[in-house]
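Colleague: the amino acid sequence is not available; the structure is as follows:
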């Protein structure tokens, strides 16, 4: 299995801050990486796929980058509604594993 | 518009077999590249990928659970069924089904999820 490791596990930032979450794959996955946002009690929502393609309807303050083993999700200007847990997922090879999640809160 | 909905028991006893059904609309599982996957999430924990069935009947399973999982599809009914044998309290989780588009095994559309509790 490909292991996905996210850092940090939790993060506290202020409204308007630039926030970066990192995801590392245990082996190269090209750009077969997605990011999801899950708000408390809600269904996960796809934000980004193919490492950097923004899903339709997702605010442009979200962006993704990376290839190979190292990836980042960036929120350009943090908003209160961005409080959530964020997961990366690789779909290079089955099982299509998720990271352990990064919990983001507002200071 | 793609929608998916999970159905099945909310409570199962240890050692029993869990059968969950995903009923979907807005796409056909006979269309080239399409798939339906199952993902679960124990309370307060991370997402765990379980299984995927493709339009052509090909299947993928989580190796750690492969001996306990079976995924099948009924294209005419727009349903995918997941069975998990020998349920244990650690299998208590919200189980989601999700749509796999033809472009890759990422998931733009999810069901609402169904919480399954394993307890005697």
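Modeller: Right, received. Where do you want to start? All values derive from a computational prediction rather than experimental measurement.
Colleague: any idea of the pLDDT on the closest residue to residue A:78 other than its chain neighbours?
Modeller: Nearest residue to residue A:78, sequence neighbours excluded (Cβ to Cβ, 6 or more residues apart in numbering or on different chains): residue A:17, at 4.8 Å. Where C-beta positions appear, they are placed from N, C-alpha and C, glycine not excepted. At residue A:17, the model reports a pLDDT of 98.
Colleague: what does residue B:69 give?
Modeller: Listed pLDDT for residue B:69 reads 98.
Colleague: what bridges to the residue nearest to the spatial centre of chain A?
Modeller: The centroid of chain A falls nearest to residue A:35 when counting by Cα atoms, centre = their mean (3.9 Å). Residue A:35 has these beta-bridge partners by DSSP bridges: residue A:48, residue A:88.
Colleague: residues in contact with it?
Modeller: Taking Cβ atoms under 8 Å, 6 or more residues apart in numbering or on different chains, we find residue A:35 in contact with A:23, A:46-49, A:62, A:64, A:73, A:86-89.
Colleague: ditto for residue B:75
Modeller: B:28-30.
Colleague: and residue B:73, by the same measure?
Modeller: B:29, B:36, B:53, B:57, B:79-81.
Colleague: ok, 6 Å please
Modeller: B:29, B:53, B:80 (Cβ atoms under 6 Å, 6 or more residues apart in numbering or on different chains).
Colleague: surely the first one is in a strand?
Modeller: No - going by DSSP: H, G, I helix; E, B strand; the rest coil, the assignment for residue B:29 is coil, not a strand.
Colleague: residues near it, how many?
Modeller: Using other Cβ atoms under 10 Å in any protein chain shown, residue B:29 has 23 other residues around it.
Colleague: how near is residue B:43 to residue A:98?
Modeller: 16 Å (Cβ to Cβ, to the nearest Å).
Colleague: who has more neighbours, these two?
Modeller: Counted by other Cβ under 10 Å, residue B:43 and residue A:98 do not tie: residue A:98 has more neighbours, with 22 against 9.
Colleague: beta partners of that one?
Modeller: Here residue A:98, judged by DSSP bridges, has bridge partners residue A:89.
Colleague: and residue B:49, by the same measure?
Modeller: Residues in a beta bridge with residue B:49, per DSSP bridges, are residue B:39.
Colleague: ok, how many other residues are close to it?
Modeller: Residue B:49, neighbours per other Cβ under 10 Å, totals 25.
Colleague: which pLDDT value belongs to it?
Modeller: For residue B:49, the model assigns a pLDDT of 98.
Colleague: does it really touch residue A:93, like I thought?
Modeller: No - here residue B:49 does not reach residue A:93: they are 11.6 Å apart, not a contact under Cβ atoms under 6 Å.
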